[in-house]
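**Student:** Have a look at this prediction, sequence included:
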Amino acid sequence: MFFSRKKERLRNRSRHIYLMTNALIFLSTFMLVPIYALLVTSLGGTILHAGIAASTFYLTASIGALIFGRLIDKFKHDRTFLMIGYLIISSGYFFLTFADQFWHLILLQIYLGIADAIIYPAFDTLFSRHINRKEAHLEWGSLESMRYLTMFAGAIIGSAIVNWGSFDALFVIMGCICFGAFLNTLFTPKELR
């Protein structure tokens, strides 16, 4: 009985750590999403270019998720892949500060799509491993609620940063937030992994 309670407490802590890191990634991502077309037009693109850039990201993430899902299954290092994805997305946001042409943005959308393709198969596997099966719907509901709340917050925060600052300031903040997710995962105690 004591051991099952201890195991459940560890599972709860692990789940909360993974929720928090995923919240950081979503927060940073949705700081840009609502104003993405403005970024594209600031680089001389059109609304069509914004659609092409976004589609490039989604296509890369779609194909990449199948490839990296297979790799993660093969190597069984979910946490390592998750951290690699967090580093890639963090560096991708920092690289956005150097983008001054549309084709730079396309290359970065491919790079960020690869990051997403690595992060989400690994994250979903880790999160699934730590859910309480008796409350599975609530656990998944908590994840979805967190995602929508971070979308809400990210949209307001990102818009305010660009309104009173610049896109470059936004990209640095986004990169720092994602690097924080990496550090949080890196320093997760061994018994909580």
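**Tutor:** The structure has been received and is ready for your questions.
**Student:** Give me the distance between the two termini of stretch 67-85.
**Tutor:** End-to-end distance for stretch 67-85: 14 Å, by C-alpha to C-alpha, to the nearest Å.
**Student:** Let me know the helix or strand that the residue nearest the centre of the chain is in.
**Tutor:** The structure's the chain has its C-alpha centroid closest to Ile25; by C-alpha atoms, centre = their mean the separation is 3.5 Å. Secondary structure from DSSP states H and E places Ile25 in helix 2-29.
**Student:** Okay, now the unreliable bits of this protein?
**Tutor:** Counting by pLDDT under 70, the ranges of the chain that qualify are 1-11, 190-193.
**Student:** what does stretch 143-158 contact?
**Tutor:** Outside of stretch 143-158, the residues that reach it under the criterion C-beta atoms under 8 Å, 6 or more residues apart in numbering are 19, 22-23, 26-35, 127, 170, 174. In short, each C-beta sits where N, CA and C put it, glycine included.
**Student:** Check those residues and tell me the two furthest apart.
**Tutor:** When the contacts of stretch 143-158 are compared pair by pair using C-beta to C-beta, the farthest-apart members prove to be Ile35 and Phe127, with a separation of 28.8 Å.
**Student:** and Leu82, how many neighbours?
**Tutor:** Using other C-beta atoms under 10 Å, Leu82 has 26 neighbouring residues.
**Student:** Show the contacting residues for it.
**Tutor:** Leu82 neighbours (C-beta under 8 Å, 6+ apart): Thr21, Ile118, Ile119, Ala122, Phe123, Leu126, Thr185.
**Student:** could those go into a markdown table alongside secondary structure?
**Tutor:** What follows is the contacts of Leu82, written out as a markdown table (DSSP: H, G, I helix; E, B strand; the rest coil):
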| residue | secondary structure |
| --- | --- |
| Thr21 | helix |
| Ile118 | helix |
| Ile119 | helix |
| Ala122 | helix |
| Phe123 | helix |
| Leu126 | helix |
| Thr185 | helix |
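**Student:** Out of those, which end up buried?
**Tutor:** Thr21, Ile118, Ile119, Ala122, Phe123, Leu126, Thr185 (16 or more other C-beta atoms under 10 Å).
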